[in-house]
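# Give me a 3D structure for the following:
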Amino acid sequence: MEKLRRARQNENEFYDSDFFIKAQDILPDWTSHIVITDVEYDPVCTQVYVSFGQNPAHRVIDCMVKEAGIWKVQSVARVPVAKGKS
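Presented below is the predicted three-dimensional model:
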């Protein structure tokens, strides 16, 4: 997370959003508050739901696949949080 924060501050490196967190900004409490909230298994991939921050309004779902005994991230999508829920 610190590498991403430094890259964000470097004007020579610009990105629309980070692939792994699906966000442009990294909030200060994210590094100490990363929680896996759910895991779903299906034939295509294992879906891992991850929340960031003390008030986890930022959530992503990672589609993980196991190749040659190593877990890899196949895709990441942002999960909207319903209003009134965290």
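# Tell me where the chain has strands.
Under the criterion DSSP state E, the chain contains strands at 34-41, 46-52, 58-67, 70-79.
# need those in a markdown table with distance to residue 24, can you?
C-beta: built from backbone N, CA, C; applies to glycine. Converted to a markdown table, the strands of the chain look like this (distance: least, C-beta to C-beta, whole Å):
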| stretch | distance to residue 24 |
| --- | --- |
| strand 34-41 | 18 |
| strand 46-52 | 13 |
| strand 58-67 | 11 |
| strand 70-79 | 12 |
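# Kindly give the local confidence score, pLDDT, for the residue minimising distance to the centre of the chain.
With distances taken as C-alpha atoms, centre = their mean, residue 21 lies nearest the centre of the chain, 3.2 Å away. Looking at residue 21, its pLDDT is 79.
# let's have the chain start at 50 instead
That works, and once the first residue is 50, the last one we named lands at residue 70.
# Many thanks, we can stop here.
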